[in-house]
Each structure stands twice: as structure tokens, then as C-alpha cells.
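Student: Fold the following for me, if possible:
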Amino acid sequence: MRRHIRKLLPDHEHIRNNRWFAPFQNTLLHPRLWHLNRRSAAGGVAAGMFCGLIPGPLQMLGAAICAVIFRVNLPVALLTTLYTNPFTIVPLYVVAFALGQWALPGEHGHFVVPPEPGAEGLMAWAHALIDWMIGLGAPLALGLVLLAAGLAVAGYFLVRLAWRIYLVQAWRLRRKQRLAS
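Tutor: Sure, this is the predicted structure:
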């Protein structure tokens, strides 16, 4: 399985030769960030799944920081953040809001679409948008953390399980070939 995944990932020589990453070479060239095994791949998926729900363009930065801190595979962590995209982010946030509502006691309202800019002007729309975000605040924030943690745990164990199944099948195939010859 390592060979199949390694074809898709960049090598650390790209980092070594990139002038933008030169100040971070000591950190980014740590061998455990590039080693591909069950533990590092599963940890990379977990880091990517957790950081994929970070709002805005900070997802990959968060995944890179988590990969460096936990010493898991950096490219896998970065690629895994791509599960959030314009098609999946709204359903994920709706699920996160529902999860946050379930976890918090009391009534916190319903998920509503953000206000559209209207004829009242930019300042009125910005004020309505801020009120909308504050209204969703606590349930959405808690729900995002809970959903991210749940996805990270599920991703970690699914990768470990899939890797294990692949290894067992490869062992059985080799044993069958060895016994046949």
C-alpha cells in the first residue's frame, strides 16, 4: 500500500530545493514527517480531518502545524483537508450546528441561511451578518470541535483498519504463492 500512496505524494527533496521553505527546512525535513507507515498515515488523516473544518484558508496551515507537532505524515495531512470544498462545507456546518445544539443545554434557535445584502446598504448588511454569526456562535463553535474530533478519530481508525486489511490480504497472497511453488 505504501508504494501506491507514495506515487501520489511529493517527496521531501521538493521542500529542500524550494527557496520559500528554506527557513523551515530543519522542521519540515524531519524524517517522521515524510515516512509513510500505518501510524503516520493514520495520524496524517486524523490531523487533516480535524483541521479540515477550520474556517477559511487556514486549513492546510493548521494541518501542517498538527503534522509537525504530532510528527505524522505531512503530505497526507495536507491532502486530507481537501474533503471540505464548496460542495461539502455547508452540509458539514449544518451537521456541526445540529451537533452543537444537541450538546448544549437549552434552546439556541435554528440554523438559518446568512442574510443577503439588500437595499439597506453595506453597513446594515454587515450588522445583520454579525448578528447572524453571534446567533449561531456557541452551538456552531462547539459542534465544529465535536465534529472535527469525531471525524479525526474515525479517519484514524479507518485508515488503520484499511491498512491492516490490505496487509493481511498481501500476507495471505504471498503465503498462497509460496505454498503453490
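
Student: residue boundaries of the helices in the protein?
Tutor: Ranges of helices in the chain, per DSSP state H, are 2-8, 12-17, 25-28, 31-34, 38-51, 59-70, 74-80, 89-103, 122-180.

Student: Using JSON lines, please lay out those together with mean pLDDT.
Tutor: What follows is the helices of the chain, written out as JSON lines (pLDDT from 0 to 100):
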{"stretch": "helix 2-8", "mean pLDDT": "66"}
{"stretch": "helix 12-17", "mean pLDDT": "67"}
{"stretch": "helix 25-28", "mean pLDDT": "66"}
{"stretch": "helix 31-34", "mean pLDDT": "79"}
{"stretch": "helix 38-51", "mean pLDDT": "96"}
{"stretch": "helix 59-70", "mean pLDDT": "93"}
{"stretch": "helix 74-80", "mean pLDDT": "92"}
{"stretch": "helix 89-103", "mean pLDDT": "89"}
{"stretch": "helix 122-180", "mean pLDDT": "89"}
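
Student: closest one to Glu116 among those?
Tutor: Nearest of the helices of the chain to Glu116, taken as Cβ to Cβ: helix 122-180 at 7.8 Å. Where C-beta positions appear, they are placed from N, C-alpha and C, glycine not excepted.

Student: Just list what the closest one packs against, helices and strands only.
Tutor: Identification of packing neighbours for helix 122-180 by 3 or more Cβ pairs under 8 Å, 6 or more residues apart in numbering; DSSP states H and E yields helix 38-51, helix 89-103.

Student: how about the closest residue to Ala154 other than its chain neighbours, what does it touch?
Tutor: Distances taken as Cβ to Cβ, 6 or more residues apart in numbering place Met49 nearest to Ala154, at 7.6 Å, with adjacent residues excluded. Contacts for Met49 (Cβ atoms under 8 Å, 6 or more residues apart in numbering) come out as Thr80, Tyr83, Ala148, Leu151, Ala152, Ala154, Gly155.

Student: quick one: which of those is most hemmed in?
Tutor: Per-residue neighbour counts (other Cβ atoms under 10 Å) across those peak at Thr80, which has 27 neighbours.

Student: which ones are touching it?
Tutor: Gly44, Val45, Ala47, Gly48, Met49, Gly52, Ala63, Gly155.
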